[in-house]
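>>> Pasted the sequence and its predicted model underneath.
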Amino acid sequence: MLDIVGEEYPTPRRSTYLDTASVGLTPRSAVEHVRRAAELIYEDPANVGDAHKYARRVKEAFAELVGARPDDVAVVGGGTLEGIWKALQALGCGGGSVVTTDLEYTGLLSLLEHWANRCNLELRIVRHVGGKVPLDELERLVDEETRAVVVSSVQWVNGHRIDVGALGKAVQRKGAYLIVDGIQEAGAMRPELRHVDFYVAGTHKWLISPFGLALAYVGKRMVELAGPTGMNNVDVPMQLHKYLAFPHKGPRNLMASLPRDARRFDPPGMWPILALAGASASLEVLRRLGIGRIEGHVRRLASLLVEGLMDIGGVTVLGGSGESGIVTFSAGDNEELLRRLAARGIAVSLRGMSGLQGVRASTHIYNDEESVERLVDAVRDALKA
């Protein structure tokens, strides 16, 4: 792992970066790919063939990282919430309920509230217990009238990881759809997709890609709900440049058919070529490392961090921390602690939701035991001051 990481991150940063849960560090090869793609557009703007090449590579790499087939992967927009909104639009309205939790990202909760109001749905919210979502309560709120369950596989505040496999079985038994926000999981751990209808992740965190892209696994049931929205979502009987020039197509004879895979959720118009170019390189770095190897590394560092913090008097590690690459801890005046850590060159975040608050640290491929030790030592020193 160190050889590949060293190639991509050759220059040590002045700070100890433990904030991937906010933004991942882009590898050098991704920066070069974006630069070359921009130069291509400048030199030959009519040649956008590389966009399809980048999209294919990105789908193949993402599929390997999450345990899916490339045909089940779609490019769903510029961010996670845009992808979730596409899934909700595909579900449409019809009454009933939508179920979620009180630890979800604020943007997701706002989106679900809007959808519920628009579609006359009851918004049912499961309350956390000590930073963990009780699975039995989540399942209890799902009934035959439930339209969808929308949750994060890993919670942004404290890293609590929901048993998506068990939840998915319960959801499908009731005939509802399971939509999963995987932005704090994909790229760090392999998700459980067997009973998931839609799993989406923006690529700028654990997938270590530039901003502006979200990828999704689309299950068969969800594929059947989506209709065409543009040229990237349909099959045509000839090469695209010939189809565009063909004079005998028309409003009632577009000569286009609907694909039977995740392409129904692809962008309707132009591909986001610069974001795809960067992601194609970033995801290749993760693919070369292997998701099993990455998960082992991430979870080992998170466990070391939890262990080190629990040895410091006055520090409380929030429930759910250490189940993923996120560890959140509290120590009295968290804002002052954050300032003191920043003064020591340690990049972390302060996050809070539904009564929880703490300093959030997150470990990824470019972190090591020394990163963890520096954070633990800095916390200990800050509390002594």
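Alright, I've got the coordinates.
>>> Can you show me the helices along this structure?
2-8, 28-43, 49-66, 80-91, 106-119, 135-140, 164-173, 220-223, 240-245, 273-289, 291-310, 334-343, 369-384 (DSSP state H).
>>> for the record, mean pLDDT for the third one?
So the one you mean is helix 49-66. Mean pLDDT, helix 49-66: 91.
>>> cool, and the shortest one?
pLDDT averaged over helix 220-223 equals 95, rounded to a whole number.
>>> Quick check: buried residues in it?
222-223 (16 or more other Cβ atoms under 10 Å). C-beta here means a position set from N, CA and C on the backbone, and glycine is covered the same way.
>>> cool, and the second one?
For helix 28-43, a neighbour-count test (16+ other Cβ under 10 Å) marks 29-30, 33-34, 37, 40-41 as buried.
>>> and that helix, how far out from the chain's middle?
24 Å (Cα atoms, centre = their mean, to the nearest Å).
>>> And for it, what's in contact with it?
7-10, 47-48, 50, 54, 208-210, 273-274, 277-282, 284-285 (Cβ atoms under 8 Å, 6 or more residues apart in numbering).
>>> can you redo the buried residues of helix 28-43 as JSON lines with pLDDT and distance to S257?
Converted to JSON lines, the buried residues of helix 28-43 look like this (pLDDT from 0 to 100; distance: Cβ to Cβ, whole Å):
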{"residue": "S29", "pLDDT": "96", "distance to S257": "37"}
{"residue": "A30", "pLDDT": "97", "distance to S257": "35"}
{"residue": "H33", "pLDDT": "94", "distance to S257": "33"}
{"residue": "V34", "pLDDT": "95", "distance to S257": "34"}
{"residue": "A37", "pLDDT": "90", "distance to S257": "30"}
{"residue": "L40", "pLDDT": "85", "distance to S257": "31"}
{"residue": "I41", "pLDDT": "85", "distance to S257": "31"}
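>>> Looking at these, spot the one nearest V379.
Using Cβ to Cβ, A30 is the member of these that lies nearest V379, at 31.9 Å.
>>> any idea how far that closest one is from H364?
14 Å (Cβ to Cβ, to the nearest Å).
>>> now do A382
Taking Cβ to Cβ, one finds A382 at 23 Å from H364.
>>> likewise R252?
From R252 over to H364 (counting by Cβ to Cβ), the distance is 52 Å.
>>> higher neighbour count, the two?
The neighbour comparison of R252 against H364 (other Cβ atoms under 10 Å) goes to H364, with 25 against 5.
>>> List the buried residues in stretch 96-104.
Buried, per 16+ other Cβ under 10 Å, within stretch 96-104: 96-101, 103-104.
>>> again but with stretch 348-355, I slipped
Buried residues in stretch 348-355 (16+ other Cβ under 10 Å): 348-351, 353.
>>> State the distance from L283 to L225.
27 Å.
>>> just K59 next, same as before
From K59 to L225 the distance is 20 Å (Cβ to Cβ).
>>> Mind checking which of those two has more residues around it?
The neighbour comparison of K59 against L225 (other Cβ under 10 Å) goes to K59, with 25 against 16.
>>> Please name the nearest non-neighbouring residue to that one.
Nearest non-adjacent residue to K59, counting by Cβ to Cβ, 6 or more residues apart in numbering: V73, 4.2 Å away.
>>> cool, I326 as well?
I326's closest residue in space is G159 (Cβ to Cβ, 6+ apart), at 2.8 Å.
>>> contacting residues around the one you found?
21, 184, 302, 320-328, 360, 362 are the contacts of G159 under Cβ under 8 Å, 6+ apart.
>>> Among those residues, name the ones in strands.
326-328, 360, 362 (DSSP state E).
>>> Which two of those have the greatest separation?
T328 and S362 (9.2 Å).
>>> Tell me the spacing between the residue nearest to P259 when sequence neighbours are not counted and E8.
Excluding the flanking residues, the one nearest P259 by Cβ to Cβ, 6+ apart is D235, at 5.3 Å. Computed as Cβ to Cβ, the D235 to E8 distance reads 37 Å.
>>> repeat for K384
From K384 to E8 the distance is 37 Å (Cβ to Cβ).
>>> now do V76
In terms of Cβ to Cβ, V76 sits 26 Å off from E8.
>>> what about the two, which has more around it?
V76 (26 against 21).
>>> Quick check: chain neighbours aside, which residue is closest to that one?
In space, V76 is closest to G83, 3.5 Å off (Cβ to Cβ, 6+ apart).
>>> can you check A63 too?
Closest to A63 by Cβ to Cβ, 6+ apart is P70, at 4.6 Å.
>>> Let me see the contact set for the one you found.
Contacts of P70 by Cβ under 8 Å, 6+ apart are 56, 59-60, 63.
>>> how much space is there between it and R263?
Separation of P70 from R263 (Cβ to Cβ) stands at 10 Å.
>>> tell me the domain ranges of this structure?
2-26+290-384, 28-288 (automatic domain parsing).
>>> Number of residues surrounding R288?
13.
>>> D3 is in contact with that one, correct?
No - with contact defined as Cβ atoms under 8 Å, R288 does not reach D3; the gap is 10.0 Å.
>>> which stretches of this protein have low pLDDT?
The model of the chain has pLDDT under 70 over residues 1-2, 11-14, 47-50, 228-233.
>>> Show the contacting residues for the nearest residue to R69 once chain neighbours are set aside.
Once flanking residues are discounted, R69 sits nearest to A63: 5.8 Å by Cβ to Cβ, 6+ apart. Residues near A63 by Cβ under 8 Å, 6+ apart: 69-70, 72-73, 217.
>>> Just put those residues in CSV and tack on distance to L244.
Converted to CSV, the contacts of A63 look like this (distance: Cβ to Cβ, whole Å):
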residue, distance to L244
R69, 29
P70, 25
D72, 28
V73, 26
Y217, 31
